[in-house]
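[1] Here is a sequence together with a model predicted from it:
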Amino acid sequence: MDSNLVQFKKGVLELCVLALLARSDSYGYDIASRLSAAIDMGEGTIYPLMRRMQKDGLVSTYLVESSSGPPRKYYRLTEGGRNNLNAQKAAWTDFTRAVAAILELDLEKTS
Amino acid sequence: MNERDSFLRRLRSGLWGLPRPAIDDIIADYEGHFDAGRAAGRSDADVATALGDPSRLARELRAEAGLRRWEDERSLASALGVIVGVIGLAALDLFVIMPVLIGIVTTLFAFLLVGLVACLGGGFALPFALVTNFPGFMGDRLQAALLSLGVLGGGASLTAFCVLFTIGLVNLLVRYGRAHYRLITAGSNSRLRD
């Protein structure tokens, strides 16, 4: 994978996790499989990230009994996580809009 | 031995040195991942490949644990933890940073030693200066006392400066380490198969 692309993806990974959890609580496997399809990353990456986000107070965890096997650890967005999501989302939207505008400008000049 | 056990074993051995509950917690995450994968109808081999290299995962988890400890508690041990953890990440440009880092740490240590010695020497000389004349010292007692006090104060501030500088340096290392986490790519665990 192109190393620039890796840096981009790393940067938005946390934002994507926050956005997923804002819709509904979820467990590690579910988050990993949904994101790895979209962002093309190793599924194992999610656990160090979740651990970090939990310590940062962005997410909290609770256990849910599952029909098969041991209880599952679910992640829920905290108040801090929701604020963080809104801030990051606003920053992301502003940034991508600015970049898109510059790229478009470039296209018009060259064409 | 199947892929699941092999993955978990390599992860566990890579996490060696972390507190026991932390290791169990991490292992439980990945066991749950395999279980969920099975429930979704995927083979253990498939899940292990998608997870990525367990050694790399372990290095990252360890480095993060080291950085956390430093943020919770400023101590010499946790500062060492940061240094060891960041080196463990084995980023390529570490070869550039390493000599610089060694130079800075050595200088810092020398200054710290001088500061501590001056501090001790000054503190030791001060009470003697108050009660007796130093043999071979040209000034009077007041001068001797002030001189001792000066050495003591200078040593103390040099030591304090070194400590502050060290804290700043380790904080920089933390940022460097965080910037070097990589996305762990799937399928890089070919060693799992042998």
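    Thanks, I have the structure now.
[2] Make sure A:Leu63 is indeed in a strand.
    Yes - under DSSP: H, G, I helix; E, B strand; the rest coil, A:Leu63 sits within a strand.
[3] close enough to count as contact, it and A:Arg76?
    No - applying CB atoms under 8 Å, one finds A:Leu63 not in contact with A:Arg76, separated by 11.7 Å. For glycine as for every other residue, the C-beta is placed from the backbone atoms N, C-alpha and C.
[4] any idea which element the residue nearest the centre of chain B lies in?
    Nearest to the geometric centre of chain B sits B:Val82, at 1.9 Å (CA atoms, centre = their mean). B:Val82 is part of helix B:76-88, with elements assigned from DSSP states H and E.
[5] Could I have the CA atoms of that helix written out in CSV?
    Listed next in CSV are the C-alpha coordinates belonging to helix B:76-88 (Å, rounded to 0.1, in the frame of the first residue of the first chain):
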residue,chain,number,x,y,z
LEU,B,76,12.3,7.2,35.9
ALA,B,77,10.9,3.7,35.4
SER,B,78,8.0,4.9,33.2
ALA,B,79,10.4,7.2,31.2
LEU,B,80,12.5,4.1,30.5
GLY,B,81,9.4,2.3,29.5
VAL,B,82,8.6,5.0,26.9
ILE,B,83,12.2,4.8,25.5
VAL,B,84,12.1,1.0,25.3
GLY,B,85,8.6,0.9,23.8
VAL,B,86,9.4,3.5,21.1
ILE,B,87,12.6,1.6,20.2
GLY,B,88,10.5,-1.6,20.1
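[6] packing partners for the next helix or strand along the chain from that helix?
    Where DSSP H and E defines the elements, the next helix or strand beyond helix B:76-88 is helix B:94-131. Under the contact definition 3 or more CB pairs under 8 Å, 6 or more residues apart in numbering or on different chains; DSSP states H and E, helix B:94-131 sits against helix B:141-179.
[7] now the angle from the helix it packs on to helix B:76-88?
    Here helix B:141-179 runs at an angle of 40 degrees relative to helix B:76-88 (axes from the mean of the first three to the mean of the last three CA atoms, to 10 degrees).
[8] If you count neighbours, what's buried in helix B:141-179?
    B:144-145, B:147-148, B:151-152, B:155-156, B:158-159, B:162, B:166, B:169-171, B:173-174, B:176-177 (16 or more other CB atoms under 10 Å in any protein chain shown).
[9] And the average pLDDT for it is what?
    On average, the pLDDT along helix B:141-179 is 86.
[10] Can you give me the neighbour number for residue 107?
    In the absence of a named chain, chain A is used. Look at A:Leu107: counted by other CB atoms under 10 Å in any protein chain shown, it has 9 neighbours.
[11] that's the wrong chain, I wanted chain B
    12.
[12] same thing with B:Gly37?
    Neighbours of B:Gly37 (other CB under 10 Å): 22.
[13] list the buried ones in the lowest-mean-pLDDT helix or strand in chain B?
    When each helix and strand of chain B is scored by mean pLDDT, DSSP states H and E, helix B:76-88 comes last, with a mean of 77. Under the neighbour-count criterion of 16+ other CB under 10 Å, helix B:76-88 has B:78-79, B:81-83, B:85-88 buried.
[14] can you tell me which residues contact residue 61?
    I went with chain A, as the question did not name one. The neighbourhood of A:Thr61, defined by CB atoms under 8 Å, 6 or more residues apart in numbering or on different chains, consists of A:54, A:73-76.
[15] To clarify, I was referring to chain B.
    A:47-48, A:51, B:15, B:18, B:26.
[16] Please apply the same query to B:Ser43.
    Applying CB under 8 Å, 6+ apart, no residues contact B:Ser43.
[17] now the one 4 residues further on
    For B:Val47, the contacting residues are A:43, B:3-4, B:33-34, B:37-38, taking CB under 8 Å, 6+ apart as the criterion.
[18] Secondary structure added to these, as TSV?
    Formatted as TSV, the contacts of B:Val47 follow (three-state DSSP):
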residue	secondary structure
A:Glu43	helix
B:Glu3	helix
B:Arg4	helix
B:His33	helix
B:Phe34	helix
B:Gly37	helix
B:Arg38	helix
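[19] From those residues, pick the one nearest B:Glu73.
    B:His33 (30.9 Å; CB to CB).
[20] Spatially nearest residue to the closest one (excluding sequence neighbours)?
    Once flanking residues are discounted, B:His33 sits nearest to A:Tyr29: 5.1 Å by CB to CB, 6 or more residues apart in numbering or on different chains.
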